[in-house]
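Novice: Predicted model, plus sequence, below.
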Amino acid sequence: MISVGAAGEVRGWRAIEDCELMSEIAIHEGVAHQGHTATIPCRPVTASPPRFEIVRETVESGPFSLEIERPRSAEDLIDEEEFASDERLPYWAELWPSARVLARVVAGRPLAGRRVLELGCGIGRPSIAALAAGANPHATDWYADALRFAEANALRATGRPLETMLVDWRSPPEALLERAPFDLVIGADLLYEERNGRALAALLPRLAPPGGEVLICDPRRPDAVHLLEPLGAAGWRHEVEELRYEGPLDESGPVIRLHRLHAPNDRDRV
């Protein structure tokens, strides 16, 4: 596995220090393992993450189910200094309905051999679906702890390493831009603040090829307009589909919007 830090330096294997997070998992009716059980040993990390109270959850991904682990409470992870400096909150620690729906969409696509980039991956649910579908996903987040959970969950679920990178959308590392363009860019519930939409409107054209596709699942966030309007003005094509989420609900309700964004071809660019 390759992990890349904020400055773009390449680092070696990273996984969760807590051995509980690397516990035995089983995939039932799986594409990747066809019902086998895999035990993944603990491996060292380059920097010790804080200790987490872990919960384990079984989630569905297309034709198979898998177990993932995440922190029990995102609220317990709030860092007042981080919030004071940049209003950062640990949303990564939740498994949001939009991520579940996006994972379902990704699992139903023919992605074998495709390069997929996930923005704001959190604990990695959609990236794991892409990995299980045979893609080569690159999972990115603003929090290093999120990447550690994504890596561990992906290896447990599929037996394959997940490539990760620490990314600030406002100042993306050169290592990310050098790997662009990607065959598919995905993200779940990214547009909960105006600044996120504006940052992504500037970043996405640097990540997608001409005619390339971006999929974003969103629980009808009003700040989505700060992404959609600039891209529309730049010639991007936008389609939206409303999907119903049947699992546990949060305050956003059961309707998730799937935004399909297509970059303009060179001849169509504004």
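Specialist: Nice, thanks for sending it over.

Novice: Can you tell me the SS state at Ile256?
Specialist: Assigned by DSSP: H, G, I helix; E, B strand; the rest coil, the conformation of Ile256 is strand.

Novice: Okay, the nearest residue to it once chain neighbours are set aside and Pro209: tell me how far apart.
Specialist: Excluding the flanking residues, the one nearest Ile256 by Cβ to Cβ, 6 or more residues apart in numbering is Val101, at 4.5 Å. Heads up, the C-betas are built off the backbone N, CA and C, glycines and all. Shown here: Val101 relative to Pro209, a distance of 25 Å by Cβ to Cβ, to the nearest Å.

Novice: which one of the two has more residues nearby?
Specialist: Ranked by neighbour count (other Cβ atoms under 10 Å), Val101 and Pro209 place Val101 first, with 26 against 13.

Novice: Quick one, grab the pLDDT at Glu67.
Specialist: On pLDDT, Glu67 comes in at 74.

Novice: Is it located within a helix, as I assumed?
Specialist: No: the assignment for Glu67, made by three-state DSSP, is strand rather than a helix.

Novice: neighbours around the residue nearest to Glu246 when sequence neighbours are not counted, how many?
Specialist: Closest residue to Glu246 apart from its sequence neighbours, by Cβ to Cβ, 6+ apart: Pro254 at 7.3 Å. Other residues lying near Pro254 total 13 when counted by other Cβ under 10 Å.

Novice: just Ala233 next, same as before
Specialist: Counted with other Cβ under 10 Å, residues neighbouring Ala233 total 10.

Novice: That one and Leu227: what is the separation?
Specialist: Applying Cβ to Cβ, the value for Ala233 to Leu227 is 11 Å.

Novice: Where does the prediction get shaky in the protein?
Specialist: Within the chain, the stretches with pLDDT under 70 are 1-52, 61-64, 72-90, 92-93, 249-251, 267-270.

Novice: which residues in it form strands?
Specialist: Here the chain has its strands, by DSSP state E, at 3-4, 10-11, 25-26, 37-38, 54-61, 64-71, 115-119, 136-141, 163-166, 184-188, 213-218, 237-244, 255-262.

Novice: how about a markdown table for those strands, with distance to Ala129 and mean neighbour count added?
Specialist: Listed next are these as a markdown table, based on distance: least, Cβ to Cβ, whole Å; neighbours: other Cβ atoms under 10 Å:
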| stretch | distance to Ala129 | mean neighbour count |
| --- | --- | --- |
| strand 3-4 | 20 | 23 |
| strand 10-11 | 25 | 12 |
| strand 25-26 | 15 | 18 |
| strand 37-38 | 17 | 12 |
| strand 54-61 | 5 | 15 |
| strand 64-71 | 9 | 21 |
| strand 115-119 | 10 | 25 |
| strand 136-141 | 9 | 26 |
| strand 163-166 | 15 | 23 |
| strand 184-188 | 9 | 25 |
| strand 213-218 | 12 | 23 |
| strand 237-244 | 15 | 12 |
| strand 255-262 | 14 | 18 |
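
Novice: now these in CSV, with distance to Arg156?
Specialist: Below are those laid out as CSV (distance: least, Cβ to Cβ, whole Å):
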stretch, distance to Arg156
strand 3-4, 17
strand 10-11, 21
strand 25-26, 5
strand 37-38, 7
strand 54-61, 10
strand 64-71, 7
strand 115-119, 17
strand 136-141, 14
strand 163-166, 15
strand 184-188, 20
strand 213-218, 23
strand 237-244, 27
strand 255-262, 26
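
Novice: With respect to Phe149, which of the ones you listed lies nearest?
Specialist: Nearest to Phe149, of all those, is strand 64-71, at 6.3 Å by Cβ to Cβ.

Novice: Which residues are in contact with Arg206?
Specialist: Neighbouring residues of Arg206 by Cβ atoms under 8 Å, 6 or more residues apart in numbering: Pro172, Leu177, Ala180.

Novice: can you give me the helices for the stretch 101-250 of the chain?
Specialist: For the stretch 101-250 of the chain, the helices defined by DSSP state H, counting those that start in this stretch occupy 125-132, 144-158, 174-179, 194-203, 225-233.
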